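**Q** have a look at this fold, sequence not included:
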């Protein structure tokens, strides 16, 4: 009997699985064709980049981006579209943002800096002081008050070029930007300058957020371009008494009302199981926020368009979310997760695209080993589309607040080599985006969303 | 006994294999670090692109490229460096290259074209004729002499955007460029215009070679930008009697003497087994030939530099070859293979990089199933470097002439999405190259070269 059961059931099971795989691979092909032949994400991103532009939380451009994506989503026509209110920080850069190196040897000359998001201003006229250069946070403690009081700390720890993923290099270096200002202030430093977070040698300062500790003095902090950082390093080697001057007029205004933009397609079989997919709507102010994260926003919108165009009726409910305020506060994502908890939503999985619209290579997957195993089991379906790597556990800042609820988190993982060349700079503009790369990422997200909606995570 | 042998031998075998894998993975890491931290290929490519520029076979720039790479190779210091003489075709574009569309509705207006490499000139004053638009070669036979005589044939078959690899789309479309002119001439057409070979809608005409059949009249043939092709298509829909005019003064001069540049590191254990790696030194004239194929040339040079820098003594002989005349004749590659046969060289494997200096994704591998299996068995070593795809059998035009000798052929396979945006145009310039992407490709080639030199192919 046992033998008979095996003889009969095994081929049936196998045939069933083969049938499902075949049905899914046909759907994957349909999704890819739809996106590559009729995709709109590239032209939508053109509009968001060139007609709205950089859209830091609280700015008129952020409000315009909310309105544009709300109307765009309505025109595509999911079952529901709404704005989800949240209060957001409102930091503005201000008109003044200059710096110079002062040496006895080379005289004085200007270098390119920009304020880190959230920084306080310098006094009018700026600050000028001797410079202490460090390569890591750890050195601050060793230098102590004796070494740092009254000084400007120059964090010059560079990207580790031997990391194959540039995100790994970023992760190691960015602690200087985030923790540096308060750690330096703790020992009496009066300001900080951080080397821009990039692999390249260029003259764009790369901005980004930092975190003041409430218990410590808030000192002004800026990023210097890597070319500027190399110059400052060179001058300090020749003349350790070289000084640095910078002036910034940035400030923090009262919180503003803003919104996540949310669309929903109700599931046909398990409407109470939610899959959230999204990117973030806000961007830094200097460029157009095209790769960070206009790409993720418009890929999410493309998934919605593709589901509608192909007439896919998902078994589980899909939420398409344009999160507000990823760059300097995560307020939109926190609000979304808070409301999901409040409404007892069963958020089974969430996917974010916030690593650029470059050719997709994989998905980061973070959750219980059983759920991860199920998702990674779909890998062969993705291979024909160049999506092969499911080894990372990185997802995205906006989906992470759902993790407490046991949500399986996923992050689209595109090729990372060019991302930090333009990240958080004036050079993050639409011309850096390649149409097919953006579309392939959107197709990958649509495929993963389809599988999660079809099969769930258990 | 049998059991005992297994018990003893199996762990030993396993340990041996694990030891080798570990030794190799340590070497892979050393190679990656050397290239990413100390790589020179990017600055060498800057020189080749910006100081020498486009270098079509027979041009002074091609001669300069021979001299530059010869001297560069000597400075790196393999065991031998030499030039390998070959006679090459010498086609020049000429000063005149203009076209216009003539309609009753919109009047006359200029569009961007360029001569296909090898084309004959038009008569002075150009040719003007009615246009027959086709999407494939097959339509010509159906139209026949009645439909084509005295006409200009417009090949407007576009890239198939549903192909994930853009090289697959190129392969399907490029037959129009190569075979179109003579097939059209067979039915009495007086000239041909081909839609540029690209995924993008842009205003650069993309040149490339074509092949006249000696038995048929040689008609002038040009490429039109995709924007121009869309315009011509639109005009013909409105007014099928719209005419096309083009004038070109290109010509073919007598063959010139040129060279492959070859370097060699002798193998320590099997010096008579050769591994050839290379790219092509010539490029089209309009841009700087940075991605096609300055990238492959400088990656090859980087492999040599890395072997020397790390003190790797390969067990088998490695030849580093800068092939001349890939774009319009393959004369250098044919000469190299001919001499290899003449000298009874055992060319066990050959790798070409001629698909751009973008992030590497895999290697095409072409040879007997046993040899392929051996190489594909090394896959896990490459995975940490993003090189995962060994499913293609594409190698490269310059290594293919070795195939008759039973050589295992390999081609570095980078991400293909951006390649045809600039391929064979004035936009193939150094600024399109990303330093880390170029270096990762060089590292991948060095790793594969190391494995082939260490373990052979049998």
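**A** Happy to help now that I have it. Quantities reported herein were computed from a predicted structural model and do not represent experimental measurements.

**Q** run me through the strand neighbours of the strand or helix carrying residue A:194, direction for each.
**A** In the assignment (DSSP states H and E), residue A:194 maps to strand A:191-195. Sheet pairing for strand A:191-195, assigned by DSSP bridges, gives strand A:152-155 (parallel), strand A:221-224 (parallel).

**Q** what residues are up against residue A:100?
**A** Residue A:100 makes contacts with A:108-111, A:244-246, as judged by CB atoms under 8 Å, 6 or more residues apart in numbering or on different chains. Yep, even glycine has a C-beta here, placed from its N, CA and C like the rest.

**Q** nope, residue A:351 is what I was after
**A** With contact taken as CB under 8 Å, 6+ apart, residue A:351 is in contact with A:275-278, A:363, A:395-396, A:399, A:410-412, A:445, A:448-449, A:452.

**Q** quick check: residue A:144 touching residue A:189?
**A** No - at 11.1 Å, residue A:144 does not count as touching residue A:189 under the criterion of CB atoms under 8 Å.

**Q** longest strand anywhere in chain A?
**A** strand A:251-265 (DSSP state E).

**Q** list the helices and strands that strand packs on?
**A** For strand A:251-265, the elements it packs on are helix A:60-76, strand A:80-92, helix A:295-309, strand A:316-323, helix A:331-342, judged by 3 or more CB pairs under 8 Å, 6 or more residues apart in numbering or on different chains; DSSP states H and E.

**Q** can you list the strands that the one helix or strand residue A:279 maps to pairs with?
**A** Applying DSSP H and E as the criterion places residue A:279 in strand A:270-280. Strand A:270-280 pairs in its sheet with strand A:316-323 (parallel), strand A:346-352 (parallel), by DSSP bridges.

**Q** now the angle from the longest one to strand A:80-92?
**A** Here strand A:316-323 runs at 20 degrees with respect to strand A:80-92, directions being taken by axes from the mean of the first three to the mean of the last three CA atoms, to 10 degrees.

**Q** can you tell me the closest non-neighbouring residue to residue A:119?
**A** Distance criterion CB to CB, 6 or more residues apart in numbering or on different chains; nearest residue to residue A:119, sequence neighbours excluded, is residue A:221 at 4.8 Å.

**Q** the one you found pairs with what?
**A** Beta-bridge partners, per DSSP bridges, of residue A:221: residue A:192.

**Q** and residue A:224, how far is that from chain B?
**A** Distance, residue A:224 to chain B, using CB to the nearest CB, to the nearest Å: 21 Å.

**Q** do the same with residue A:311
**A** From residue A:311 to chain B the distance is 19 Å (CB to the nearest CB).

**Q** that older thread, closest to residue B:386 out of the contacts of residue A:351?
**A** residue A:363 (14.9 Å; CB to CB).

**Q** and the closest residue in space to the closest one that isn't next to it in sequence, which of the three is it?
**A** Once flanking residues are discounted, residue A:363 sits nearest to residue A:410: 5.0 Å by CB to CB, 6+ apart. What DSSP: H, G, I helix; E, B strand; the rest coil gives for residue A:410 is strand.

**Q** residue A:397 against residue A:327, yeah?
**A** No - Residue A:397 lies out of contact with residue A:327 (CB under 8 Å); the separation is 9.0 Å.

**Q** which one of the two has more residues nearby?
**A** Using other CB atoms under 10 Å in any protein chain shown as the criterion, residue A:397 and residue A:327 rank with residue A:327 on top: 26 against 16.

**Q** was I right about the more buried one contacting residue A:280?
**A** Yes - look at residue A:327 against residue A:280 with CB under 8 Å: they come within range, at 7.2 Å.

**Q** identify the contacts common to those two.
**A** By CB under 8 Å, 6+ apart, no residue touches both residue A:327 and residue A:280.

**Q** show me what whatever helix or strand residue A:172 lives in is in contact with.
**A** Per DSSP H and E: residue A:172 is located in helix A:166-173. Residues from elsewhere that reach helix A:166-173, judged by CB under 8 Å, 6+ apart: A:157-161, A:163, A:195, A:197, A:199, A:355, A:394, A:416-417, A:419-420, B:436.

**Q** what about residue A:23, neighbour count?
**A** Residue A:23: 11 neighbours (other CB under 10 Å).

**Q** what do you get for residue A:243?
**A** By other CB under 10 Å, neighbour count at residue A:243 equals 18.

**Q** could you do residue A:311 as well?
**A** Neighbours of residue A:311 (other CB under 10 Å): 6.

**Q** which residues in the stretch 351-458 of chain A form strands?
**A** A:360-366, A:408-414 (DSSP state E, counting those that start in this stretch).

**Q** hey, which of those strands is tucked in deepest?
**A** Most buried of the strands of the stretch 351-458 of chain A, by mean neighbour count (mean count of other CB atoms under 10 Å in any protein chain shown): strand A:408-414, with a mean of 27.
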